[in-house]
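> Need a 3D model of the following:
(chains A and B)
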Amino acid sequence: MTQPAEPPELIRRFTAAERWIHRTTAALMGTALVTAAFLYLPALAELVGRRSLLVTVHEWAGVTMPVPLLAGLVSQAFRADLVRLNRFGPHDRGWIRATLRGRSHPSGKFNAGQKLYAAVISGAALVMIGTGLIMWFPRLTPLFLRTGATFVHDWLALLIGALVGGHIWMASRYPEARSGLRTGFVPRSWARRHHPLWERDQSADQQAVTASAPVRSSAESETDALS
Amino acid sequence: MTENADGEGRPVGRRVILGILGLGAVAVPVGARLQDATDGLLATVSSKDPTGLTGLLPGGGGFRFYSVADSIPHRSPADYRLTVNGLVDRPATYTLEQLKAMPRTRLVRDVQCVTGWRVPQTPFAGVRLSHLLETAGVKQGAKAVHFTCFDGVYTESLTLDQAGRPDMLVAYEMRDKPVTAAHGGPVRLYAAPMYFYKSAKWLSEITVTDRVIPGYWEPRGYDIDAWVGKSNGRDDDSTG
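Residues are numbered from 1 along each chain as shown, chains lettered A, B, ... in the order given. All right, here's what the predicted structure looks like:
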């Protein structure tokens, strides 16, 4: 057995199913946001035209957005993470205040901010699908509902753009978190710093089970550090 | 301490999702009234906004660019030609100079898009469609007029009665300047009393036909007779 000297110990954060749910949802969200920008902003609309095609792509990216999540419900690991995202424990209290003041605050697998993001973006996506369907099938509803749906859809789109922008900005600051979503593994030291209440429950046994993956992911986290 | 950090606690996530759904369900029926409020506010702000960024917000009061072609077609004023053909006695092709030499009509009306935005008091100037049809001499049996655009995709139509109205223009000026390429220049249709999808951009051909040939959007769900406030299930104030 050739064991390199003190490799960073990696622990599993996400299964392949969870990573694919995230990727496909992100692709659909990105498609919806980009087509929205090209439909809505005059400068971008003048670049591409093709309004009818953009509308079709936008509508289908929107209504299919929950599909990866729903399909992912067959994964036990994903269901367990949904439970974690849903439940706010005593340790989540005070997280926002501590974070705004730059103090660290203990968290489980997901911190209170990540839980709130998950809930807000899910609720907002559902409202966007509802209002979007009203505009997609205008003959089904009276005018005042269509006007209201357009109003909600337009303003909520700006909020979602800001939320997703913030999400990507946070990801850009934490290469270990990105590596967790790309490879499934994160360094134990990082988990201890950011998610201590989760890290302490991750036994070393799980590490042994997945001995093949760490080599690849440690190489990738080095690339991250260089980039 | 044996507190299990994860998976226990109050279901705040679910409550947040349900709360947002509730807010959405309340906002949709009152959204039309909220929009009146934000439109008024935005009009005040944008009148003092030198950057023009407020025009990009929902209800900011600007034109939105809609095109079904893959790029903005460009045709210089010198190269532009408008053909009048079909069921007419004297088919003709006009240059922009020839159109400008004809009797000029200027209209100042609101522009109303079928998707909801409205731009107040926008001047358009050009030749009355009826003048071009009279000059060409409409034949017996003609019922409608079909419009073709040099973007290669868009088409529109009007009945002969609609086309004869004095507020249907073949416009070469918008906001008292030559119509820009993005707005459908050098020459576009301006159907003042109808939703703006009727006002075909980049007009290149006017064909008199024996029946109404529906335009681009009309098989895609829009009304053929697109009177503002009396079609497409909308009740906007008339622009006629």
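> Relative to residue A:99, how far out is the closest residue to residue A:47 other than its chain neighbours?
Counting by Cβ to Cβ, 6 or more residues apart in numbering or on different chains, residue A:38 is the residue found nearest to residue A:47 once chain neighbours are left out, at 7.4 Å. Quick note: C-beta positions are derived from backbone N, CA and C, even for glycine. Separation of residue A:38 from residue A:99 (Cβ to Cβ, to the nearest Å) stands at 35 Å.
> Please identify which of those two sits among more neighbours.
The residue with more neighbours, out of residue A:38 and residue A:99, is residue A:38; 20 against 15, by other Cβ atoms under 10 Å in any protein chain shown.
> Assign the residue nearest to residue A:47 to helix, strand or coil.
With DSSP: H, G, I helix; E, B strand; the rest coil as the basis, residue A:38 sits in helix.
> Any stretches of chain A with poor pLDDT?
Applying pLDDT under 70 to chain A flags the ranges A:1-6, A:204-227.
> I meant to write chain B there.
B:1-5, B:52, B:55, B:59-62.
> buried ones in the helix ranked longest in chain B?
What stands out as the longest helix in chain B, according to DSSP state H, is helix B:12-47. Buried positions in helix B:12-47, judged by neighbour count with 16 or more other Cβ atoms under 10 Å in any protein chain shown: B:12-14, B:16-17, B:20-21, B:24, B:27-28, B:31-32, B:34-35, B:38-39, B:42, B:46.
> coming back round to it: so the residue nearest to residue A:47 sits right up against residue A:48, yeah?
Yes: between residue A:38 and residue A:48 there is a contact at 5.4 Å, judged by Cβ atoms under 8 Å.
> Helix, strand, or coil at the closest residue to residue B:189 other than its chain neighbours?
Among residues not flanking residue B:189 along the chain, residue B:200 sits closest, at 4.5 Å (Cβ to Cβ, 6+ apart). Following three-state DSSP, we place residue B:200 in the coil state.
> And residue B:200, how close does it get to residue B:184?
Distance from residue B:200 to residue B:184, counting by Cβ to Cβ: 7 Å.
> Any idea what residue A:10 is bridged to?
In this entry, residue A:10 is beta-bridged to residue A:187, by DSSP bridges.
> That one and chain B, how far apart?
Distance, residue A:10 to chain B, using Cβ to the nearest Cβ, to the nearest Å: 19 Å.
> likewise residue A:100?
Taking Cβ to the nearest Cβ, one finds residue A:100 at 18 Å from chain B.
> Compute the number of surrounding residues for that residue.
Using other Cβ under 10 Å, the number of residues around residue A:100 comes to 8.
> ok, so what distance separates it from residue A:113?
Plainly put, residue A:100 is 10 Å away from residue A:113 if you go by Cβ to Cβ.
> One more: residue B:218?
Computed with Cβ to Cβ, the distance linking residue B:218 and residue A:113 is 49 Å.
> Next: residue A:144.
37 Å.
> do the same with residue B:70
From residue B:70 to residue A:113 the distance is 42 Å (Cβ to Cβ).
> helices or strands next to the strand or helix carrying residue B:84 in the packing?
Using DSSP states H and E, the element containing residue B:84 is strand B:81-86. If contacts are counted by 3 or more Cβ pairs under 8 Å, 6 or more residues apart in numbering or on different chains; DSSP states H and E, strand B:81-86 sits against strand B:92-95, helix B:129-136, strand B:203-209.
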